[in-house]
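In: whatever this is, show me its structure:
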Amino acid sequence: TGALVGVLNDYGIMRDCLNTANGGSKGGFFLGTAGDCSKIDRCLSLGKDWEGAIVNSKQLIDINNVYFYNDGNSTALNALNPDQISNSETYEKWDIGTVENRWTIPSENNSFPIPFFSEMREE
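Out: Residues are numbered from 1 along each chain as shown. Take a look at the predicted model:
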């Protein structure tokens, strides 16, 4: 199992997701299993034990702009402290704003990006 997707099928893309749950003994924060040529793009995990956030899979060919909460004890790639998480400049190529953007960051101190506008929503 994975926190958001159990199995990402071949050529599947997981994009613009936020996970606030902690890791478990099976799967990762985002995926349980990655299919051939699958990708993860613009996702944020705020849970503890983030080292298990990405499934170690040869099939997962691309992980773009995926970030993880870090309490200050790690130097791993894409691990963010609270100040970095609340800064919109941290997130390269993310659509962060306040009106018709996919993500927004509330004005509270040390807040984090939240999904704001879905490309799947009905007009």
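In: going by C-alpha atoms from here, please, whenever you check contacts or count neighbours.
Out: Will do.
In: the strands in this protein, which residues?
Out: Counting by DSSP state E, the segments of the chain that form strands are 5-8, 13-19, 31-34, 38-45, 60-69, 79-80, 103-104, 114-115.
In: nearest to residue 94, of the ones you listed?
Out: For these, the distance to residue 94 is smallest for strand 38-45, at 6.5 Å, taking C-alpha to C-alpha.
In: sheet partners, orientation included, of that closest one?
Out: strand 13-19 (parallel), strand 60-69 (parallel) (DSSP bridges).
In: any weak-confidence spans in the chain?
Out: 1-2, 23-28, 48-58, 72-77, 109, 118-123 (pLDDT under 70).
In: of all the strands paired with strand 38-45, which lies closest to residue 115?
Out: With C-alpha to C-alpha, the closest approach to residue 115 among the strands paired with strand 38-45 belongs to strand 13-19: 7.1 Å.
In: distance between the closest one and the chain's centre?
Out: Put simply, strand 13-19 sits 6 Å off its chain's centre (C-alpha atoms, centre = their mean, to the nearest Å).
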